[in-house]
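J.: Okay, predicted coordinates and the sequence, questions at the end:
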Amino acid sequence: MTESINNALAKLVNHQQTINHIYFANNSANPPLLAYQVNFPRIEIILEGKQQMLWADKDGKTIEKTLLTNDLLYISAQSWNKPIWTTPVTSLSILFGKQQIGMSLLHWDGTQLIPHGQVNKPRRGPRVGTFIIQALTELNWQNQPLEQNQTAYFLIQSLLSNTLDLLNVEIETSSKTTSLFEAIRQYIDTHFRENITRDFLANMFYISPNYLSHLFQREGKIGLNEYLNHIRLEYAKSLLKDYDLNVKEVALASGFKDSNYFCRVFRNKTERSPTEYRRQYHSKLLRK
């Protein structure tokens, strides 16, 4: 599936397909429930179909648009976006981590997300992409909206071109298993609210389910389900603190499909029920 991601990028970089619109999410404050928000810059490109998307501009105004084929959303570090999965859509997600770039090709068929490929490339040698991202950050400090800034458009094109270059270069790494583990962990950290299973991740990264479990035990010294539950529980704690949701809503929003299982895991890890955790947290706030 590397070839499909490669082809999608190549068509945009070589102008076989033209990016219709570029939008920018530039605000980290007050993300809505189920929004995506990570520490690194990201790009979302609609390859086929359309998708309703929410994000905030640098002034904190919430933007809601339907992104069409070849529309692109650049999400700066710490900023949020919220895709709404309704109509069928195929999208390419690119995450610019400190050590590597992760590219995911996903298809929503109207009922579920289907993985079409995942590629991760180490960021080695000259940090061209880092300099481009820094230039985009500096442009954001100006008063002119980035959507109307021709320089921002060329920088995005350069960032895609640099990503394609990295995709086509074979880079030696000290440990391919460690790199693979970090790539899977990075994907979980971003997509934990979705219906992630061992088979889903194995298909996404082209490995067997058994090897995936072995990889987590070997590299992370933790089981896959244990790690996934840990990430989901930390998010659930933030929801219990900041949102007035019932326990079932918190469970579903955190990626747990069974609220009873969520409560068992929560009590096992915290020695409290979700309701007790929320009550004790707000009790401490009142005493301050």
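T.: Nice, thanks for sending it over.

J.: Which parts of the stretch 51-200 of the chain are strands?
T.: 51-56, 62-67, 72-75, 80-84, 89-96, 100-108, 113-122 (DSSP state E, counting those that start in this stretch).

J.: so what's Ile84 scoring on pLDDT?
T.: We note a pLDDT of 93 for Ile84 in this prediction.

J.: same deal with Asn27?
T.: pLDDT, Asn27: 89.

J.: Going forward, the N-terminal residue is numbered 26.
T.: Done: numbering now begins at 26, and the last item shifts to Asn52.

J.: Quick one: mean pLDDT for stretch 56-70?
T.: 91.

J.: Can you get me the start-to-end distance on that stretch?
T.: End-to-end span of stretch 56-70 (Cα to Cα, to the nearest Å): 21 Å.

J.: Run the chain-centre distance for that stretch.
T.: Relative to the chain's own centre, stretch 56-70 is displaced by 6 Å; criterion: Cα atoms, centre = their mean, to the nearest Å.

J.: Can you give me the buried ones in that stretch?
T.: Residues 56, 60-63, 65-70 are the ones in stretch 56-70 that count as buried (16 or more other Cβ atoms under 10 Å). C-beta coordinates here come from the backbone N, C-alpha and C atoms, glycine included.

J.: returning to what we had before: wait, which of the strands of the stretch 76-225 of the chain is closest to Ile157?
T.: Counting by Cβ to Cβ, Ile157 lies closest to strand 114-121 out of those; the figure is 9.5 Å.

J.: which element is Ala227 on?
T.: Using DSSP states H and E, the element containing Ala227 is helix 223-230.

J.: Run the angle between that helix and strand 138-147 for me.
T.: Counting by axes from the mean of the first three to the mean of the last three Cα atoms, to 10 degrees, helix 223-230 lies at 50 degrees to strand 138-147.

J.: immediately after the strand or helix carrying Ala261, which helix or strand?
T.: Using DSSP H and E, Ala261 sits in helix 249-267. Using DSSP H and E, the next helix or strand after helix 249-267 towards the C-terminus is helix 272-278.

J.: I'd like the next helix or strand past that following helix.
T.: Next along the chain from helix 272-278, counting by DSSP H and E, comes helix 284-295.
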